[in-house]
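Novice: this one's sequence-less:
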């Protein structure tokens, strides 16, 4: 069994990005610049945004954190988005989700200029991705694709089951794995809460991507021998023996499943770091004008 | 076995659209207006555009056919697109595909204003569809969804196999069938030219959508008893006994497959008329400003 160590791989990719960023500066350009908008003080969001800012430092990117109180109005948040769209010094930016309930998140996300949408959440980027046009790919699926590629995992003709159909992970993951090229050319099945006989369907998978957000959902009897298992879940479950009173687990029952796999991601330290890494890759592309010519 | 007669259903839906169109005119509005751009004299394209113009008449819509020679330049075609974008009298328009080889079709399609893109080909509409936002759905998958709905075909939890991963049929069809709601909530597998054991995968399908463009690809042994089979293919095969020297067949070997199905579409007269019908439905929505507020 091969451990797909996302932390280690992300560190390698960030060093490569740092080199490219330094080359840009050497040849008279400015560092890639990522801005992040954080609304409120959700602990997980604070931690995610913190990781992104830290990764910018590692990659030699400039970062700007715009931290607004949870009481921000729709109009105020929209104004920030419009300002970021118009700021020529910002190459790309993200709005950390989730947003407070009183905010219309769709309106905010639709106002982001697709050319700066390095999270790949805007429908224009989603559509371009689906149609095989140049696009910012959504960070989590892109991180997983990078992981498959760097570990030379065979995909062509493989059966792949994606558990979950969210806009930001399951659905784009299914599209990317089914499209032409490498990594891709998989026969992909999208399974979800309405799927019947889900264990049986999972057992068909050469590559299983779990993105349901249900702790330890994938059990030993749901995985074929030799499968590649990618665990997108990151769930807190209470654990009185742990100093914090909880521990993090994925959507996969790692302890019982790992021995059956040819390769598997750990949680934490698997998909999570690759997601941040993909965001950095998109930001570099934005700075270089590789997706949308400047 | 139930025949899913697209011609009969399209005729019913067009009558409903005619009523809605008449109501708009009665209350002082103008008729929905669809424009179609046809480049060159490809016989199939002429026939498709002809059907669309005819359907506009049936539905009480205004139609404008812009027929340009196959020698048109990129610049000239772009100018027509921009003019249509800016014409307040045109609610929606289509560029009939395929375009001549010297034309950069991607550039043309990306220039179409998403608000008038009643074919649903623009990435912004594709992304909105994928994300469950209001969007013009691509006409063929939308026609098939309408057919499933009007025939009350159960979809929730059903296994669905889509053969083909094109941008305009296979991929959006898979997305629509996997999303929440009715018709939808299927467990969808996207199969294609790189899929291994494709016969076995087809046999898993409660609903099988064939959109490969390969005449008579789906054989009797590839279909489960009681399956619903939707045939998107429309292929000419030579037939010396036929007065025209050819006949039209689908991607499904209808004569041998039909007896196993609970429901099946004929070719011609199945998906084809529903595709045109979906285009008309989108045009009415455009006129009403239902997708993008006016």
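Specialist: Nice, thanks for sending it over. Owing to the predicted nature of the structure, the values given are computational and were not obtained by experimental measurement.
Novice: OK, contacts around residue A:29?
Specialist: By CB atoms under 8 Å, 6 or more residues apart in numbering or on different chains, the contact list for residue A:29 reads residue A:287. Any C-beta I mention is one placed from the backbone N, CA and C, and that applies to glycine too.
Novice: Assumed it was part of a strand.
Specialist: No. Assigned with DSSP: H, G, I helix; E, B strand; the rest coil, residue A:29 falls outside any strand and is coil.
Novice: For it, give me the pLDDT.
Specialist: pLDDT for residue A:29: 95.
Novice: Burial check on residue A:194, number of neighbours?
Specialist: Applying other CB atoms under 10 Å in any protein chain shown, we find 17 residues neighbouring residue A:194.
Novice: can you tell me the helix or strand for the nearest residue to it once chain neighbours are set aside?
Specialist: Nearest non-adjacent residue to residue A:194, counting by CB to CB, 6 or more residues apart in numbering or on different chains: residue B:185, 4.2 Å away. Counting by DSSP states H and E, no helix or strand carries residue B:185.
Novice: Could you give the number of residues near residue A:262?
Specialist: Residue A:262: 16 neighbours (other CB under 10 Å).
Novice: and what of residue A:82?
Specialist: 13.
Novice: measure it to chain B for me?
Specialist: According to CB to the nearest CB, to the nearest Å, residue A:82 and chain B sit 19 Å apart.
Novice: thinking again about what came up before, gap between the residue nearest to residue A:194 and residue B:175?
Specialist: Separation of residue B:185 from residue B:175 (CB to CB, to the nearest Å): 13 Å.
Novice: Look at these two and report which has more neighbours.
Specialist: residue B:175 (27 against 22).
Novice: doesn't residue A:287 make contact with residue A:24?
Specialist: Yes. Look at residue A:24 against residue A:287 with CB atoms under 8 Å: they come within range, at 6.9 Å.
Novice: The residue nearest to residue A:194 touches residue A:196, doesn't it?
Specialist: No. If you go by CB under 8 Å, residue B:185 and residue A:196 don't touch, sitting 10.5 Å apart.
Novice: show me the contacts for the closest residue to residue A:166 other than its chain neighbours.
Specialist: Using CB to CB, 6+ apart and skipping residues adjacent in sequence, the residue nearest residue A:166 is residue A:211, 6.7 Å away. Applying CB under 8 Å, 6+ apart, we find residue A:211 in contact with A:140, A:162, A:163, A:164, A:166, A:169, A:170, A:173, A:232, A:233, A:251.
Novice: can you do 10 Å?
Specialist: By CB atoms under 10 Å, 6 or more residues apart in numbering or on different chains, the contact set of residue A:211 is A:140-141, A:144, A:162-166, A:168-171, A:173-174, A:192, A:230-233, A:250-251, A:271.
Novice: all helices for the stretch 101-250 of chain A, in order.
Specialist: A:105-111, A:123-130, A:139-150, A:170-178, A:198-203 (DSSP state H, counting those that start in this stretch).
Novice: would JSON lines of these with mean pLDDT be doable?
Specialist: JSON lines is the format used below for the helices of the stretch 101-250 of chain A (pLDDT from 0 to 100):
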{"stretch": "helix A:105-111", "mean pLDDT": "95"}
{"stretch": "helix A:123-130", "mean pLDDT": "96"}
{"stretch": "helix A:139-150", "mean pLDDT": "98"}
{"stretch": "helix A:170-178", "mean pLDDT": "98"}
{"stretch": "helix A:198-203", "mean pLDDT": "98"}
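Novice: Backbone dihedrals for residue A:38, please?
Specialist: Main-chain dihedrals, residue A:38, degrees, to the nearest 10: phi -120, psi 130.
Novice: quick one: it from residue A:121, how far?
Specialist: Distance of residue A:38 to residue A:121, computed by CB to CB: 16 Å.
Novice: what do you get for residue A:83?
Specialist: According to CB to CB, residue A:83 stands 19 Å off from residue A:121.
Novice: what's the overlap in contacts for residue A:24 and residue A:287?
Specialist: Shared contacts of residue A:24 and residue A:287 (CB under 10 Å, 6+ apart): A:30, A:31, A:32.
Novice: ok, and the most crowded of those residues?
Specialist: Among those, residue A:32 has the most neighbours (other CB under 10 Å), with 27 neighbours.
Novice: Correct me if wrong: that one contacts residue A:93.
Specialist: No. Counting by CB atoms under 10 Å, residue A:32 stays clear of residue A:93, with 11.8 Å between them.
Novice: returning to what we had before: quick one: which of residue A:38 and residue A:121 has more around it?
Specialist: residue A:121 (24 against 20).
Novice: give the contact list for the residue nearest the centre of chain A.
Specialist: Nearest to the mean C-alpha position of chain A, by CA atoms, centre = their mean, lies residue A:140 at 1.7 Å. Residue A:140 makes contacts with A:119-120, A:166, A:168-170, A:172-173, A:209, A:211, A:232, A:271-272, A:274-276, A:278-279, as judged by CB under 10 Å, 6+ apart.
Novice: what comes up buried for stretch A:220-230?
Specialist: Buried residues in stretch A:220-230, counted by 16 or more other CB atoms under 10 Å in any protein chain shown: A:222, A:223, A:224, A:227, A:228, A:229, A:230.
Novice: got the buried residues for the helix or strand residue A:13 falls within?
Specialist: Residue A:13 is part of helix A:6-26, with elements assigned from DSSP H and E. For helix A:6-26, the neighbour count (16+ other CB under 10 Å) marks A:6, A:9, A:10, A:13, A:14, A:17, A:18, A:21, A:24 as buried.
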